[in-house]
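Colleague: sequence and predicted structure below; questions after.
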Amino acid sequence: MNQTLIKSELLCKSFITDGEVNNVIKNMNLEIYEGDFTVIMGASGSGKSTLLYALSGMDEVTTGKVFLNGNDITKLKESKLTALRKSEVGFVFQAINLIPNLTVYENILSPTYKTKASRQKIDQSIDELLDQMSLTDQRKKFPNQMSGGQRQRVAICRALINKPKVLFADEPTGALNSSQGQDVLDIFSQINEEGQSIVMVTHDLKAAIRGNRIIYLKDGRIDGDLKLDPYCKEDAKEREEMVYRFLKEKGW
């Protein structure tokens, strides 16, 4: 088994709504391993995105601990947590969230400010990412001049520019049509094959089968944990049936 990359201990996350406490994540112990493509699924309101934000340090936990690459992120001051997120974590959102008045190149460059890498190395990395995502001819364009699929590929470049230990993705294909979504999933499969750890929330079966591990949440707890072989296009149909059976058993 690969090395533990993320670990939660008795993780709880609560929100107060209309004066009532809503416990979304309940005493969760979870280990996520380096090199895995981990998919988090569950019914609406099961805590998928809340868990993703807690594990990535994007949101504070209520109680419990989260270790990211050996660091207890629940104890870090905001400045150190920001620095850790910048160096260790990439994040891809459903809403894409590119900065509209920056070009493709400038959007990808933006997370590198105040990092130690030289501008020459950063530019080289941007060129490599643009090439990998088939975006080389788009580098001077603004987000509103591009399709949704192209914008999401730019967002993936931005998430990868600091060579993060883990890439988090929250419904990354949710705002895309099926062919654009397939392109993004193909990229995820490719970078995972090259060693990039990925943790992805999705409600889409075709996205879920890309993972080699599926964690199913129910009412803020882990209700199922399915291990799979690495994704292979030739086995996609069989894999889809296996994952569908697992999800149906869990009441999906």
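Modeller: That came through, no problem.
Colleague: from what I see, residue 196 and residue 165 are in contact.
Modeller: No - the pair residue 196 / residue 165 is not scored as a contact, 9.1 Å apart, by C-beta atoms under 8 Å. Glycine gets a C-beta too; all of them are placed from N, C-alpha and C.
Colleague: in the lengthiest helix in the chain, which residues are buried?
Modeller: If you go by DSSP state H, the chain has its longest helix at helix 178-193. Buried residues in helix 178-193, counted by 16 or more other C-beta atoms under 10 Å: 180-181, 183-185, 187-189, 191-192.
Colleague: using a markdown table, lay out those together with pLDDT.
Modeller: What follows is the buried residues of helix 178-193, written out as a markdown table (pLDDT from 0 to 100):
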| residue | pLDDT |
| --- | --- |
| 180 | 92 |
| 181 | 93 |
| 183 | 93 |
| 184 | 93 |
| 185 | 96 |
| 187 | 95 |
| 188 | 96 |
| 189 | 97 |
| 191 | 97 |
| 192 | 97 |
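Colleague: so which of those comes closest to residue 128?
Modeller: residue 191 (12.0 Å; C-beta to C-beta).
Colleague: which residues does the closest one contact?
Modeller: By C-beta atoms under 8 Å, 6 or more residues apart in numbering, the contact list for residue 191 reads 160, 167, 198.
Colleague: inside strands: which ones of those?
Modeller: Judged by DSSP state E, the subset of the contacts of residue 191 located in strands is 167, 198.
Colleague: what subset of the contacts of residue 191 is buried?
Modeller: 160, 167, 198.
Colleague: let me see the contact set for the last one.
Modeller: The neighbourhood of residue 198, defined by C-beta under 8 Å, 6+ apart, consists of 36-38, 166-169, 188, 191-192, 211.
Colleague: quick check, nearest of the contacts of residue 191 to residue 80?
Modeller: Distances from residue 80 to those, taken by C-beta to C-beta, are shortest for residue 167, at 21.1 Å.
Colleague: identify the bridge partners of the closest one.
Modeller: residue 90, residue 198 (DSSP bridges).
Colleague: and what of residue 217?
Modeller: Going by DSSP bridges, residue 217 forms beta bridges with residue 42, residue 222.
Colleague: which residues are in contact with it?
Modeller: Contacts of residue 217 by C-beta under 8 Å, 6+ apart are 40-42, 46-48, 51, 223.
Colleague: adding pLDDT, neighbour count and distance to residue 102, write those out as JSON lines.
Modeller: Shown next, in JSON lines, are those (pLDDT from 0 to 100; neighbours: other C-beta atoms under 10 Å; distance: C-beta to C-beta, whole Å):
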{"residue": "40", "pLDDT": "98", "neighbour count": "28", "distance to residue 102": "30"}
{"residue": "41", "pLDDT": "97", "neighbour count": "27", "distance to residue 102": "34"}
{"residue": "42", "pLDDT": "95", "neighbour count": "25", "distance to residue 102": "35"}
{"residue": "46", "pLDDT": "93", "neighbour count": "21", "distance to residue 102": "35"}
{"residue": "47", "pLDDT": "94", "neighbour count": "24", "distance to residue 102": "33"}
{"residue": "48", "pLDDT": "95", "neighbour count": "25", "distance to residue 102": "30"}
{"residue": "51", "pLDDT": "97", "neighbour count": "26", "distance to residue 102": "31"}
{"residue": "223", "pLDDT": "97", "neighbour count": "17", "distance to residue 102": "42"}
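Colleague: now tabulate those in a markdown table and tack on distance to residue 204.
Modeller: Below are those laid out as a markdown table (distance: C-beta to C-beta, whole Å):
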| residue | distance to residue 204 |
| --- | --- |
| 40 | 12 |
| 41 | 9 |
| 42 | 13 |
| 46 | 15 |
| 47 | 18 |
| 48 | 12 |
| 51 | 18 |
| 223 | 19 |
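Colleague: between these, which sits nearest residue 14?
Modeller: Using C-beta to C-beta, the contacts of residue 217 come closest to residue 14 at residue 47, 10.9 Å.
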